[in-house]
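>>> predicted coordinates and the sequence they were generated for:
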Amino acid sequence: MTTLAPGIDEVRARTFPFPRRHFLSALDLNVVEANALLDLADTFVDLNRQTTKKLDLLKGRTLVNMFFENSTRTQASFELAGKRLGADTMNMSVKTSSVAKGETLIDTAVTLNAMRPDLLVVRHASSGAAALLSQKVGCSVINAGDGQHEHPTQALLDALSMRRAFGSLAGLTVAICGDVMHSRVARSNVNLLNVLGAEVRLVGPPTLMPSGADRWGAKVFHDLKRGIAGADVVMMLRLQLERMQGALVPSTREYFRYWGLDREKLESASDRVRVMHPGPMNRGVEIDSDVADDPAISLIQDQVEMGVAARMAVLAALSARLDNDR
Amino acid sequence: MSRGRPIAFINARLVDPESRFDGEGAVVVSDGVIADVSRGKAFEALSDDIRVIDCNGGMLAPGLIDLRVKTGEPGAETKETLRSAAQAAAAGGVTSIVVQPDTDPCVDDPSVVDFILRRAQDIESAHILAAGAATKGLGGEQMAEVGLMLEAGARYITDVDRPIVDSKIMRRILSYAAAFGVALAHRPQDPWLSKGATATEGEFASRMGLPSAPAASERIGLERDLALAELTGGRLLVDQITCAAALEALDRAKGRGVNAVATASINHLSFNELDIGDYRTFAKVDPPLRAEDDRQALIEALASGLVDIVVSAHAPAPAEDKRLPFDEATPGGVGLETLLPALLALHHDGRLPLIDLIRTVTLAPAQFLGLPSGRIASGAPADLVLCDLAAPVLIDADRLVSKSKNSPFDGRRLQGQVLMTVTGGKIVHRAE
């Protein structure tokens, strides 16, 4: 509470209209837009550290969180982001039976649309679900994770964490490690990091590396130590425990032995290396607590904090876009 | 329109794959059969009671024969009935269709074959033929009554989209069916590799985060099917071959004399995996669209004769089954009305001579089924299509005759308009 809260005028000055009506993919942003969003998010980080955290930038706007998949942290992060900007926020946890999943998606969207929300945050287990929904509603849709496709606000908050730690992302070497195949976080990060000029590596067992990943704009490694050699950032991905079924990996202990991050393996990374994880972590499976909890190298807590600020920036920019469209 | 009065089609570009004639000519149709054919010159004199239709140089070819058509009858008539499928066929120049047995109830019993063929008697737009299930309930376990279904009129047996997983069952069916001289149509696929897949594995599908299977799944399945056909001497119809690796396997087997005939779907000849971009579920088909290299290999295989037959893979689905997230959407597209113009793209692009292209949808399927149609010759059934090869058409799914509008060709510009369709000597379709 030593610095003054950023004034509303400063926030307004930094808020620019989002380039599109929806935020569905990290590829929706170019380098200028991505950096402008990160600048705006920086302002909100300062704001969020004040006692009075509330602005009225989104006053009168309605934000709806529609989560077809459970996610405590992403939902809370969006809810808080909306509330701090003065929007009315509502959470809908849509429990779905596997039989009528699709019906529920379109039907719920159409019903919801009739209630005229301004911003719709969607998470769904199917790739492309957010894009489909965006074609059916009149408001702005924010993809909060669609199947194994994208999770763009996660990439944005990761970029914000990295930029604050290193000053710039250009030229930074970022190794994304683990279950790349099933990870929307990895896909969004590869896309955004490429836009921001970082050098991206993907590290994981061949069974968890999607086919053609070497053509995404990333170098592919199967050996963790070699993959993170000299890396400035090591981003570990969550290994879903059901991956043991279907012969993707034999056991958690073998996985940890070869692809789990511990201090010994981290030796090969750059001296200034920072460790990240989108959470929730499987300690002892993909990451050792010793590394995850070391404040000198871990950015994991920062990521959670940056999540709220990054999402506030997205909401503010999309709202400005809605103002312009009107 | 009456069957009684003969019709003469003059000034036509006759395309007959049987005689390999492609040139000016005329045809007289009478009593449901082709009564006379004149090649290269006009008829000397036509009697007054003959109705004359001037084709103005349009292509007059045998009516198309489509080996793979799904309808919703019985069980899901809102999707497509036998009548609406026949009308869609007529609009597309298709005069014979083989309806697939995966209805509700499925066609695994002679009485259901009988039901379909009796319904077909009242429908004049197209000849409706039926395929029977290979296994009871399409369950892949117990053999269906192959002999009795054949006696009832089934043309071949198939479990449609479901591969027969158990190789021993597959072997026995091929072997048993061989005794009746009937073919088993089978989709080549490794069921485990393809489980849950909605796209072809590769950079594109992985970027989109779609569950995918490698094209090799088809090759693995096909190698097994071909080996079993070789073992049993059975007759195999390879249902919708799509990829280069499978084509190589087919080529080797044919070289050894395995009794196999392969079909290609018009979808796999026309689209590649990029067409599902933006999660376009109307381009979601099964087997999934392949890489462009595979599509090119398929066209080459059609040109070389390795693949004999082209099918529409007509699979009607209502909008609510398509407007879903990609992995939940029903695969398949309607294709009867777009088959001919889409196929003609290969002629306009100079990939295949017109006569060879026409053969894949007329004479080749007719020979496979043992039908007397698929040719323009005296005494052959009067099943004909008249088509303006050059006319541009813009496919508008909403204007399709089919009850379902799920066309992957929606919005595509093609060349070749069906002007008239004649089935059994009767004009069943005429362009507006």
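Yep, that arrived. Numbering: from 1, shown residues only, chains lettered A, B, ... in the order given.
>>> spatially, what comes nearest to whatever residue of chain B ends up closest to chain A if we skip its sequence neighbours?
Chain B approaches chain A most closely through B:Glu203 (2.7 Å), counting by Cβ to the nearest Cβ. Every C-beta, even on glycine, is put in place using the N, C-alpha and C of the backbone. Closest residue to B:Glu203 apart from its sequence neighbours, by Cβ to Cβ, 6 or more residues apart in numbering or on different chains: A:Gly212 at 2.7 Å.
>>> count of neighbours near A:Asp271?
Taking other Cβ atoms under 10 Å in any protein chain shown as the neighbour definition, A:Asp271 ends up with a count of 6.
>>> do B:Arg207 as well
Neighbour tally, B:Arg207, other Cβ under 10 Å: 21.
>>> repeat that for A:Arg272.
Count around A:Arg272 with other Cβ under 10 Å applied: 10.
>>> nearest residue to it other than its sequence neighbours?
Nearest one to A:Arg272, counting by Cβ to Cβ, 6+ apart, is A:Asp232 at 6.3 Å.
>>> what sits against the one you found?
A:166, A:172-174, A:269-270, A:272-274 (Cβ atoms under 8 Å, 6 or more residues apart in numbering or on different chains).
>>> now B:Ile266
Neighbours of B:Ile266 in contact, by Cβ under 8 Å, 6+ apart: B:310-313, B:335, B:338-339, B:342-343.
>>> hmm, 10 Å instead?
Contact analysis of B:Ile266 by Cβ atoms under 10 Å, 6 or more residues apart in numbering or on different chains lists B:66, B:310-314, B:333, B:335, B:338-343, B:345-346, B:361, B:408-409.
>>> repeat that for B:Ala397.
B:282, B:319, B:333-334, B:337-338, B:404-411.
>>> can you do 7 Å?
Counting by Cβ atoms under 7 Å, 6 or more residues apart in numbering or on different chains, B:Ala397 touches B:405, B:407, B:410.
>>> and for B:Leu339?
B:64, B:66, B:92, B:94, B:266, B:312, B:361.
>>> in the stretch 251-400 of chain B, which spans are strands?
For the stretch 251-400 of chain B, the strands defined by DSSP state E, counting those that start in this stretch cover B:260-265, B:309-311, B:384-394.
>>> quick one: which of those is nearest A:Arg257?
Nearest of the strands of the stretch 251-400 of chain B to A:Arg257, taken as Cβ to Cβ: strand B:260-265 at 47.2 Å.
>>> still on that earlier bit, deepest of the strands of the stretch 251-400 of chain B, which one?
strand B:309-311 (a mean of 26; mean count of other Cβ atoms under 10 Å in any protein chain shown).
>>> give the pairing partners of that one; include direction for each.
If you go by DSSP bridges, strand B:309-311 pairs up with strand B:260-265 (parallel).
>>> gap between the strand it pairs with and the chain center?
10 Å (Cα atoms, centre = their mean, to the nearest Å).
>>> who touches it?
Contacts of strand B:260-265 (Cβ under 7 Å, 6+ apart): B:67-68, B:226, B:229, B:236-241, B:250, B:253-254, B:298, B:302, B:307-311, B:313, B:368.
>>> near chain A, which residues of the stretch 301-432 of chain B? Just list them.
Listed as neighbours of chain A in the stretch 301-432 of chain B under the rule Cβ under 7 Å from any Cβ of the partner chain: B:323-328.
>>> which of these fall within helices?
Among these, none falls in helices (DSSP state H).
>>> how far away is the nearest residue to B:Val334 once chain neighbours are set aside from A:Ser251?
What sits nearest to B:Val334 in space, not counting adjacent residues and going by Cβ to Cβ, 6+ apart, is B:Ser402, at 4.6 Å. Per Cβ to Cβ, to the nearest Å, B:Ser402 is found 52 Å from A:Ser251.
>>> ok, the two, which is more surrounded?
When neighbours are counted by other Cβ under 10 Å, B:Ser402 and A:Ser251 differ, and B:Ser402 comes out ahead with 25 against 10.
>>> which SS state does that one fall under?
Classification of B:Ser402 by DSSP: H, G, I helix; E, B strand; the rest coil places it in coil.
>>> repeat for the one 5 residues further on
Recorded secondary structure, B:Ser407: coil (three-state DSSP).
>>> burial of it, as a residue count?
23.
>>> from the stretch 151-300 of chain A, which residue is nearest to chain B?
For the stretch 151-300 of chain A, Cβ to the nearest Cβ, closest residue to chain B: A:Gly212, 2.7 Å.
>>> B:Glu201 is in contact with that residue, correct?
No - judged on Cβ atoms under 7 Å, A:Gly212 makes no contact with B:Glu201 at a distance of 8.3 Å.
>>> compare these two (neighbour count), which wins?
Neighbours per residue (other Cβ under 10 Å) separate A:Gly212 from B:Glu201, with B:Glu201 holding more: 23 against 15.
>>> name the helix or strand of the chain that has the lowest mean pLDDT.
Went with chain A since none was named. helix A:101-114 (a mean of 76; mean pLDDT, DSSP states H and E).
>>> let's do chain B instead
Per-SSE averages on chain B (mean pLDDT, DSSP H and E): minimum helix B:319-322, a mean of 90.
>>> give the buried residues for that helix.
Residues of helix B:319-322 classed as buried: B:321-322 (neighbour count, 16 or more other Cβ atoms under 10 Å in any protein chain shown).
>>> quick one: contacts of that helix?
With Cβ under 7 Å, 6+ apart, helix B:319-322 has contacts from B:281-282, B:329-330, B:406.
>>> if we use 8 Å, what do you get?
Counting by Cβ under 8 Å, 6+ apart, A:103, B:281-282, B:284, B:329-330, B:405-406 sit against helix B:319-322.
>>> tabulate those (CSV), appending distance to A:Gly217 and neighbour count.
Output for these, formatted as CSV (distance: Cβ to Cβ, whole Å; neighbours: other Cβ atoms under 10 Å in any protein chain shown):
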residue, distance to A:Gly217, neighbour count
A:Glu103, 37, 15
B:Thr281, 28, 27
B:Phe282, 30, 23
B:Lys284, 27, 26
B:Ala329, 29, 24
B:Thr330, 34, 18
B:Lys405, 38, 19
B:Asn406, 35, 28
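>>> closest one of those residues to B:Asp48?
B:Lys405 (44.8 Å).
>>> check contacts around the closest one.
B:319, B:334, B:397-398.
>>> now, the residues you listed that are in helices?
Using DSSP H, the contacts of B:Lys405 in helices are B:Ala319.
>>> lowest-confidence one in the contacts of B:Lys405?
Note: of these, the lowest pLDDT belongs to B:Ala319, at 90.
>>> on that earlier part again, can you pick the most crowded of the contacts of A:Asp232?
A:Val174 (26 neighbours).
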